[in-house]
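K.L.:
how does the following fold in three dimensions:
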Amino acid sequence: MTDSSEARVLIIEDDPDIAAFENAMLTRAGYEARIAGTGADGLEQLREFKPEVVLLDIGLPDMSGLDLCTKIAESADSYILLVSGHSSEDVKLIGLGLGADDFITKPFSGNELVARIGSFLRRRERSRARDHDGRLQVGDVTLVRDLHVLERAGRSLSLTALEFRLLWFLGEADGRLLTRAQILERVWNDVSGVPTRVVDVHIAALRKKLNEVEAELQIASVRGIGYRLDAP
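P.N.:
Sure thing, here's the model as predicted:
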C-alpha cells in the first residue's frame, strides 16, 4: 500500500474556505498538499509539484475547469478527481470523457475525500507491482509506461494518461472479455455513478490511434457486455 506521507495532492480551488477544508483533511491523512486558486497557477504548480492526484474544481475564475482537465489529462501522469456542485449525469459524462478519473459532488465529507484519493493510490501500487520494466507487449503493439506511448514498427504515438491506463488494462487481460463495470472499476475506480458511455468514448479514441499506426491489434466489442483485445 502507498505510504500517504509520500503522496502529493494538488488542490485547484478558488473558494478559500473549501480549499482550506480540503487541505486540512488531506494533511491530517498524511498527504502533502498544495493549493492553487486559479487554473494558471494550477498548471504552473502541476509542473513544479508533480502531484500523484489533482483535486480539480470545475468552476475557476480564469478558465473552465473542464478545459483544464483536458490539459492535465494530456500532459501529466496524475489522477484527476473533479469537484463540482453539479450532480447531473451529463456533467459527469463530460468530465470523465475529458480524462477525469472520478467525480465528487459538493458537499462531501472529509472521510469521503480521503477515501477517494486513497483508492487512486492503491490502484497505482497494484499496477506498479505487476509492472517491472514499464513495458507491455500486446500483439504487434508495445506500451511504454514512462512515456505513455504505444509503439509499433518503429512508430510511436502518445496517449493521454487515461487512454494509456485503459489500453494497458485491456492488454493485461490477455484477450479475455472485460465488462464495462470491470473497466470502470479499474480505470475510473468506480462502478456506480459513472455513465458506462464514457468507456465507449475512450474505446473509440483508442481505436483511432491504433489505426494511425496501422496496428493489427484490434479492440473487439461484445454488444451489451464490454471489450477485449484481439491480437494477431
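K.L.:
ok, the residue nearest the centre of the chain - contacts?
P.N.:
The chain has Asp101 as the residue nearest its centroid, 3.9 Å off, counting by C-alpha atoms, centre = their mean. Neighbouring residues of Asp101 by C-beta atoms under 8 Å, 6 or more residues apart in numbering: 79-81, 120, 162, 187-189. C-beta coordinates here come from the backbone N, C-alpha and C atoms, glycine included.
K.L.:
for it, which non-adjacent residue is closest in space?
P.N.:
Tyr79 (4.7 Å; C-beta to C-beta, 6 or more residues apart in numbering).
K.L.:
what of Val149?
P.N.:
Ser156 (4.9 Å).
K.L.:
and the one you found, that one's in a helix?
P.N.:
No - looking at Ser156 with DSSP: H, G, I helix; E, B strand; the rest coil, it is strand, so not inside a helix.
K.L.:
okay, and the beta partners of it?
P.N.:
Beta-bridge pairing for Ser156 (DSSP bridges): Glu151.
K.L.:
in contact with it, which residues?
P.N.:
147, 149-150.
K.L.:
now the helices for this structure?
P.N.:
Using DSSP state H, the helices of the chain run over residues 16-28, 39-49, 65-75, 89-97, 110-130, 161-172, 180-187, 197-212.
K.L.:
deepest of those, which one?
P.N.:
Neighbour counts averaged per stretch over the helices of the chain are highest for helix 161-172, at a mean of 21; criterion: mean count of other C-beta atoms under 10 Å.
K.L.:
who does that one touch, helix- and strand-wise?
P.N.:
helix 65-75, helix 110-130, strand 135-138, strand 141-144, helix 180-187, helix 197-212, strand 226-230 (3 or more C-beta pairs under 8 Å, 6 or more residues apart in numbering; DSSP states H and E).
K.L.:
outside of that helix itself, list whatever touches it.
P.N.:
73-74, 76-78, 99, 101, 127, 130, 136, 138, 143, 145, 148, 150, 159, 178, 183, 186-187, 202-203, 205-206, 209, 219, 227-229.
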